[in-house]
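Have a look; sequence and predicted model below, questions after that.
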Amino acid sequence: MNLVEGFISYIEAERRYSPLTVRNYRRDIADFLEFIGVDKESFDPNAISRADVEEWIVYLFEKRKLKAQSVNRSVATLRSFWKWMLGHGHANRDIVSVISQAKTPSRLPVFVSESRMEDVVALLRDDIATDDFERLRDAVIVLLFYTAGLRLAELANLKIGDISADYRTIRILGKGEKERIVPLIGRMGEILKKYFSQFSSQNICIGQKKALILSKKGEPISERTIQRIVDRKLKGAGIQGKTSPHTLRHTFATHLLNEGADLREIQELLGHSSLKATQVYTHTNIEKLKEVYSTAHPREKER
């Protein structure tokens, strides 16, 4: 097995990265190898210099016209690849981690306001009340993203047994096999009870090892299908702009912060390994305060 396939096997089997992430890593490495003019079989990391990597970065900016965020992601792939090769004795020097990231413009997370999210939840009540399995399932999907702050891959990989017997907590296996326990609000537990009851009444699924999110035939549904469901439900409630599962994850975090939750508590609930990743929500909170100030403060009104 060549080094590229060995690394890809590692992030798939041991790190359990999502299929999308694995595909991106494979593409980034292939792009770099094509740029330096070698194939997977003849690739020798010890024959590559830091200048080769820097020239590739210039190429990504100037020829491919990629933005800083995309270039940083590609370089991060190469950095992980080199770290793996160093750890396994395939490379004798680190030529990537010494390269600084390109500066990117700060982007605030996109989220749904509390008042608009109330509209979404209100529209889902009819779906929750019905005995139609797919309507109930779709409501469960949207509400789990919003009330538990899940990533797309985390929800897609949930098993029935990840819900506690008392319906008060949910066990989530996040990035890098990190497990966290997130509480379920009382109403969510009742909704899940009804959802589970549909499995037996409609002969859909039996067994604690089965996937939580299923088709009517009892098969796990894809991440892409989950994305389409969220998009349809949010747009159906009149939500404008981005309508993705990650929008609901951002909404979960932002609403918690607005209601006074501690930043470290939010970090734990989101499964962030670093507080820095969570601190972006403080900027969202500041933007909200600025908006309130500009519309409510008497001195601002005089302008």
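Ah, there it is.

Quick check: which ranges of the stretch 151-300 of the chain have low pLDDT?
203, 205-209, 281-300 (pLDDT under 70).

which stretches of it form strands?
169-173, 179-183 (DSSP state E, counting those that start in this stretch).

what's the most buried one of those strands?
strand 169-173 (a mean of 18; mean count of other Cβ atoms under 10 Å). The C-beta positions use only the backbone N, C-alpha and C, and glycine is treated the same way.

That strand packs against which elements?
Where contact means 3 or more Cβ pairs under 8 Å, 6 or more residues apart in numbering; DSSP states H and E, strand 169-173 is packed against helix 133-148, strand 179-183.

Can you tell me what sits against the shortest one?
Going back to what we said before, that points to strand 179-183. When contacts are defined by Cβ atoms under 8 Å, 6 or more residues apart in numbering, strand 179-183 is touched by residues 148-149, 168-174, 268-269, 271.

Can you pull out the residues in contact with stretch 77-94?
3-4, 6-7, 10-11, 24-25, 28-29, 32, 45-46, 53, 95-97.

For those, I'd like a selection string for PyMOL - just the buried members, please.
The following PyMOL line selects those of these that are buried, judged by 16 or more other Cβ atoms under 10 Å:
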select buried, resi 3+4+7+10+11+25+28+29+32+45+53+95+96
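
Let me see the backbone angles for the residue sitting nearest the centre point of the chain.
Centroid check for the chain by Cα atoms, centre = their mean gives Arg151 as the closest residue, at 3.9 Å. Backbone geometry at Arg151, expressed as degrees, to the nearest 10, gives phi -80, psi 160.

who's in contact with it?
174-175, 245-246, 249, 271.

on that earlier part again, pick out the shakiest of the helices and strands packed on strand 169-173, pLDDT-wise.
Of all the helices and strands packed on strand 169-173, the minimum mean pLDDT falls on strand 179-183 (a mean of 92).

tell me how far the helix ranked longest in the chain is from the chain's mean position?
When the chain is parsed with DSSP state H, its longest helix is helix 68-87. Put simply, helix 68-87 sits 19 Å off its chain's centre (Cα atoms, centre = their mean, to the nearest Å).

tell me the average confidence for it?
Here the average pLDDT along helix 68-87 is 93.

Which residues belonging to that helix are considered buried?
So, applying 16+ other Cβ under 10 Å, buried residues of helix 68-87: 70-72, 74-75, 77-82, 84-86.

ditto for stretch 150-166
150-160, 162-163.

can you give me how far that stretch is from the chain middle?
For stretch 150-166, the distance from its own C-alpha centre to the chain's C-alpha centre is 14 Å (Cα atoms, centre = their mean).

Could you do stretch 32-52 as well?
Offset of stretch 32-52 from its chain centre (Cα atoms, centre = their mean): 31 Å.

same thing with stretch 268-280?
That offset, for stretch 268-280, works out to 12 Å (Cα atoms, centre = their mean).

what distance separates the start and the end of that stretch?
In stretch 268-280, first residue to last residue: 15 Å (Cα to Cα, to the nearest Å).

So what touches that stretch?
Residues contacting stretch 268-280 (Cβ under 8 Å, 6+ apart): 108-109, 148-149, 151, 154, 172, 174-176, 178, 180, 182, 249, 252-253, 256, 263-264, 266-267.

which of these are buried?
109, 148-149, 151, 154, 172, 174-175, 182, 249, 252-253, 256, 266-267.

closest to Leu136 among these?
Ala148 (17.2 Å; Cβ to Cβ).

Test my guess that that closest one contacts Leu184.
Yes - at 6.9 Å, Ala148 counts as touching Leu184 under the criterion of Cβ atoms under 8 Å.

what residues are shared contacts of these two?
Ile170.

sorry, back to before: among the helices and strands packed on strand 169-173, which comes closest to Ile204?
helix 133-148 (6.6 Å).

Show me what that closest one packs onto, helices and strands only.
helix 114-129, helix 152-156, strand 169-173, helix 186-201, helix 223-236, helix 245-258.
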